[in-house]
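Undergrad: sequence-free structure coming up:
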């Protein structure tokens, strides 16, 4: 019941107070950087890498602070 109430409360928050990003287990892959990965050639899901085996909760500010390239 606590989790359900917490999710309901969170859904009513204004967008500027929703500051965490959840990446679900299996929804992402860690791909080692290579020199040919760039803005014009981003990594692809079929590239060699490690499937994420756990849920990740990442602060939105961390994502916003990453460089575009």
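TA: Yep, that arrived. Keep in mind that what you see is a predicted model, and the values were worked out from it rather than measured.
Undergrad: In the longest helix anywhere in the chain, which residues are buried?
TA: Using DSSP state H to define each element, the chain has its longest helix at helix 2-11. Of all the residues in helix 2-11, not one is buried under the rule 16 or more other CB atoms under 10 Å. C-beta here means a position set from N, CA and C on the backbone, and glycine is covered the same way.
Undergrad: Likewise for stretch 26-44?
TA: For stretch 26-44, by 16+ other CB under 10 Å, it's 31, 43.
Undergrad: how far out from the middle of the chain is that stretch?
TA: Centroid separation for stretch 26-44 versus its chain: 14 Å, with CA atoms, centre = their mean, to the nearest Å.
Undergrad: Run through the residues that contact the residue most central in space within the chain.
TA: Centroid check for the chain by CA atoms, centre = their mean gives residue 23 as the closest residue, at 4.5 Å. Contact partners of residue 23, counting by CB atoms under 8 Å, 6 or more residues apart in numbering, are 52, 55-58.
Undergrad: picking up where we left off before, pLDDT (mean, whole number) over the longest helix of the chain?
TA: Averaged across helix 2-11, pLDDT comes to 86.
Undergrad: For that helix, give me every contacting residue.
TA: residue 18.
Undergrad: All the helices of this protein, residue numbers only.
TA: Under DSSP H, the chain gives helices at 2-11, 60-64.
Undergrad: Just put the ones you listed in CSV and tack on distance to residue 45.
TA: Shown next, in CSV, are the helices of the chain (distance: least, CB to CB, whole Å):
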stretch, distance to residue 45
helix 2-11, 29
helix 60-64, 19
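Undergrad: Between these, which one is closest to residue 31.
TA: Evaluated over these, closeness to residue 31 peaks at helix 60-64, with 16.9 Å, by CB to CB.
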